[in-house]
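S.K.: kindly generate the corresponding structure for this input.
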Amino acid sequence: MKDLFEEKVLKVLAHIPIGCVATYGQIAQLIGYPRHARQVGKVLATSKKAVAYPCHRVVTSTGRLAPDWEEQGTLLWAEGVECKSNGCVDLKKYKWKAEETQL
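M.R.: Residues are numbered from 1 along each chain as shown. All right, here's what the predicted structure looks like:
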């Protein structure tokens, strides 16, 4: 089950386009596990496979970046995603519209 969950998370992660972000909860919803946002975060933090995926494009439901990952903001900025003055990504502007993507 754990491996299947991880594979589903990584599959969705691979589809997040440059210049967009997704939330942990959005990914959980897309893979059929609503209310499992924390488990999505755990996969991204612990999976050895996740380093090959654009993990920097995942933020909290408020647009907050990962607290112990200073490079995340730099990586997003390089892709055209800007943070507001409070350090959060503007989800109204940059949140991935997954329903427009065929997974």
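S.K.: tell me the contacts of the residue sitting nearest the centre point of the chain?
M.R.: The residue lying closest to the centre of the chain (C-alpha atoms, centre = their mean) is residue 58, at 1.9 Å. By C-beta atoms under 8 Å, 6 or more residues apart in numbering, the residues touching residue 58 are 13, 16, 21, 22, 23, 24, 27, 40, 41, 44. For glycine as for every other residue, the C-beta is placed from the backbone atoms N, C-alpha and C.
S.K.: farthest pair within those?
M.R.: 16 and 41 (14.9 Å; C-beta to C-beta).
S.K.: returning to what we had before: backbone dihedrals for the residue nearest to the centre of the chain, both of them.
M.R.: When quoted as degrees, to the nearest 10, the phi and psi of residue 58 stand at phi -110, psi 130.
S.K.: try residue 83
M.R.: Torsion angles, degrees, to the nearest 10, at residue 83: phi -100, psi 150.
S.K.: quick one: it and residue 75 touch, right?
M.R.: No. Using C-beta atoms under 8 Å, residue 83 makes no contact with residue 75, being 11.8 Å away.
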